[in-house]
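Visitor: Next one to model:
(chains A, B, C and D)
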There are 2 protein chains.
Amino acid sequence: MLAPRGKSGRRTQGQRSAETQRRLLEATIACIVERGYAGTSTTEVCRRAGLSRGAQVHHYPAKAELVAAAIEHLFARRHEEFRASLANAPSLEQAFADLWALYSGPTVHAWMELVIAARTDLGLREHLRAVDQRFFAEATQTCRSLLRLTELDEAMVAALSRVILSVLDGLSLNRTLTGDDQAHRASLELFQRMLALLLAEVRR
Amino acid sequence: MLAPRGKSGRRTQGQRSAETQRRLLEATIACIVERGYAGTSTTEVCRRAGLSRGAQVHHYPAKAELVAAAIEHLFARRHEEFRASLANAPSLEQAFADLWALYSGPTVHAWMELVIAARTDLGLREHLRAVDQRFFAEATQTCRSLLRLTELDEAMVAALSRVILSVLDGLSLNRTLTGDDQAHRASLELFQRMLALLLAEVRR
DNA sequence: GCATAAACATGCAATACGGACTGTATATTA
DNA sequence: TAATATACAGTCCGTATTGCATGTTTATGC
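Guide: Got it, this is the predicted structure:
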């Protein structure tokens, strides 16, 4: 822990707050993953976090504030996972494999729950859009460097990034239904082939 | 109307039932589109349909049965819209434009709400998976004939169909957040270019 | 016509949710 | 150490939901 501690075992207020908030946010995300956004009640979040509703209300007076904070928490996780997947992969094939694994993880599931919920929830959409914009900007830069697209103009890189992310989103979305990973892997490989053809063309 | 009518203005029992059920199912779908799956209560559905909750309970004793019936209704709509988009288009470009328009329509929105809800709802998932399988099979055949992929083996056509549907799903999903249609159209055009490259290669 | 069943309406019971409120323990500061 | 702010717990209340139980109307077989 970075925060200072009192000379005894007693924790400082900042430490107590930070710890409680972290537990609340992670419980919120876990609840969204396991029960869906609609099934995420403040009561259930508190139960999971092992805290009272009073504690939650104290830190996040309204449910919307709790969710907003959880989104920030989730963004950090998603961005880091995405970057790590691409940065650590030795090849493009491995990068896609890592990404695909990522897309069956809790982070992406939670994200999709939020995106769908945001469609019919104006407040949520406002906040999520801003965060998504940040994520997309980061992801685009990551794609640029990994795919060595330095010679391409910004619009092209952005469009390509969006296509890649969309394919992953779409395949992942469908996989939650069928559970048939094999068919989706085949589709993903086919897409990689299409990507290779495009890159060969634009670089020529 | 196809069903027989009594000589007076009185409707037959079958006609009354069919009409009421149709109103309930369309109200259910409309509610899912406008309020999301979580915001769809039987009370609200009945209000929209202009019926009492008693009528709904009579035809669909449990909410799950109402939703299941609505899914069947939705499947028919989605399949028809998809087929029409591809069949009536003079060119591949136009076909994608029509599909893209379709993907901002209520049918697809409702479908996505259901897919996400199904992830954390076992009963819903079971039913939706079966319907999705039917839809995908139909869509694959439609793609095969429109894209003139007759020489390709089944697995290849299926994988390609899934990629196409996934891109549309993914782009559409993201569009609900940003609302920036221009960027997504650019991505879609880029994908069409990738598709053209692939088709040129496999046909060679 | 008239009995009968289906179609539809209305009211009620049980449950869950979010937000507001009050009380208590712990930490900070003067 | 006294005062004050913060962290947290427990409870209550209005609202909304689903399923059920009980009435009322409409169609249909005899």
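
Visitor: going forward, measure contacts and count neighbours with C-alpha atoms only.
Guide: Noted.

Visitor: what residues are up against the residue nearest in space to the middle of chain A?
Guide: Nearest residue to the geometric centre of chain A (CA atoms, centre = their mean): residue A:78, 3.3 Å. If you count contacts by CA atoms under 8 Å, 6 or more residues apart in numbering or on different chains, residue A:78 has them with A:107, A:108.

Visitor: same thing but at 7 Å, please
Guide: Each residue near residue A:78 by CA atoms under 7 Å, 6 or more residues apart in numbering or on different chains is listed here: residue A:107.

Visitor: do the same with residue A:129
Guide: By CA under 7 Å, 6+ apart, the neighbours of residue A:129 are B:177, B:178.

Visitor: Helix or strand: which one has it?
Guide: Element membership for residue A:129, per DSSP states H and E: helix A:122-146.

Visitor: Residue A:190 now?
Guide: Going by DSSP H and E, residue A:190 is in helix A:181-203.

Visitor: does residue A:70 really touch residue A:25, like I thought?
Guide: Yes: the criterion here is CA atoms under 7 Å, and residue A:70 meets it with residue A:25 at 5.0 Å.

Visitor: the more surrounded of the two?
Guide: For residue A:70 versus residue A:25, neighbours defined as other CA atoms under 10 Å in any protein chain shown are more numerous around residue A:25 (23 against 19).

Visitor: can I assume the more buried one is in contact with residue A:72?
Guide: No: in this structure, residue A:25 is not within contact of residue A:72 by CA under 7 Å, at 9.4 Å.

Visitor: which residue sits closest to residue A:85, ignoring its sequence neighbours?
Guide: residue A:98 (5.5 Å; CA to CA, 6 or more residues apart in numbering or on different chains).

Visitor: Could I get the CA-only coordinates of the helix or strand hosting the one you found as PDB?
Guide: Residue A:98 is part of helix A:92-102 when elements are defined by DSSP H and E. Extracted in PDB, the C-alpha atoms of helix A:92-102 (Å, rounded to 0.1, in the frame of the first residue of the first chain):
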ATOM      1  CA  LEU A  92      -0.200 -11.100 -35.300                       C
ATOM      2  CA  GLU A  93      -1.700 -14.500 -35.000                       C
ATOM      3  CA  GLN A  94      -0.900 -14.700 -31.300                       C
ATOM      4  CA  ALA A  95      -2.200 -11.100 -30.800                       C
ATOM      5  CA  PHE A  96      -5.600 -12.100 -32.200                       C
ATOM      6  CA  ALA A  97      -5.600 -15.300 -30.100                       C
ATOM      7  CA  ASP A  98      -4.900 -13.200 -27.000                       C
ATOM      8  CA  LEU A  99      -7.500 -10.700 -27.900                       C
ATOM      9  CA  TRP A 100     -10.000 -13.400 -28.500                       C
ATOM     10  CA  ALA A 101      -9.300 -14.800 -25.100                       C
ATOM     11  CA  LEU A 102      -9.800 -11.400 -23.700                       C
END
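
Visitor: Return the mean pLDDT over it, rounded to an integer.
Guide: Mean per-residue pLDDT for helix A:92-102: 94.

Visitor: average pLDDT for the helix or strand containing residue A:114?
Guide: Assigned by DSSP H and E, residue A:114 belongs to helix A:106-119. The average pLDDT within helix A:106-119 is 97.

Visitor: Follow the chain on from the host helix or strand of residue A:17 and name the next helix or strand.
Guide: Assigned by DSSP H and E, residue A:17 belongs to helix A:13-35. Following helix A:13-35 in sequence order, the next helix or strand is helix A:42-49 (DSSP H and E).

Visitor: Tell me the residues of chain A that contact DNA strand C?
Guide: Contact residues, chain A versus DNA strand C (CA under 7 Å from any atom of the strand): A:6, A:10-14, A:39-44, A:53-54, A:57, A:61-64.

Visitor: Buried ones only from those residues, please, as a PyMOL command.
Guide: Buried residues within the residues of chain A next to DNA strand C, by 16 or more other CA atoms under 10 Å in any protein chain shown, are selected in PyMOL with:
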select buried, chain A and resi 40+42+44
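
Visitor: re earlier: which parts of whatever helix or strand the residue nearest to the centre of chain A lives in are buried?
Guide: Assigned by DSSP H and E, residue A:78 belongs to helix A:63-88. Neighbour counts using 16+ other CA under 10 Å place A:66-71, A:74-75, A:78-79, A:81-83, A:85-86 of helix A:63-88 among the buried residues.

Visitor: is DNA strand D contacted by it?
Guide: No: against DNA strand D, helix A:63-88 shows no contacts by CA under 7 Å from any atom of the strand, the least distance being 13.3 Å.

Visitor: how far off helix A:106-119 does that helix point, in degrees?
Guide: When axes from the mean of the first three to the mean of the last three CA atoms, to 10 degrees is applied, the directions of helix A:63-88 and helix A:106-119 differ by 140 degrees.

Visitor: Low-confidence regions, chain A specifically.
Guide: A:1-10, A:13 (pLDDT under 70).

Visitor: Near chain B, which residues of chain A? Just list them.
Guide: A:34-36, A:38, A:113, A:115-116, A:119-120, A:125, A:129, A:159-160, A:162-163, A:166-167, A:169-171, A:176-178, A:186-187, A:191, A:194-195, A:197-198 (CA under 7 Å from any CA of the partner chain).

Visitor: and the gap between residue A:95 and DNA strand C?
Guide: 38 Å (CA to the nearest atom of the strand, to the nearest Å).

Visitor: My guess is that residue contacts residue A:89. True?
Guide: Yes: using CA under 7 Å, residue A:95 is in contact with residue A:89, at 4.9 Å.

Visitor: more crowded one of these two?
Guide: Neighbours were counted for residue A:95 and for residue A:89 using other CA under 10 Å; residue A:95 has more, 19 against 16.

Visitor: list the contacts for the more buried one?
Guide: Residue A:95 neighbours (CA under 7 Å, 6+ apart): A:85, A:86, A:89.

Visitor: contacting residues around the second one?
Guide: Under the criterion of CA under 7 Å, 6+ apart, the contact partners of residue A:86 comprise A:95, A:146.
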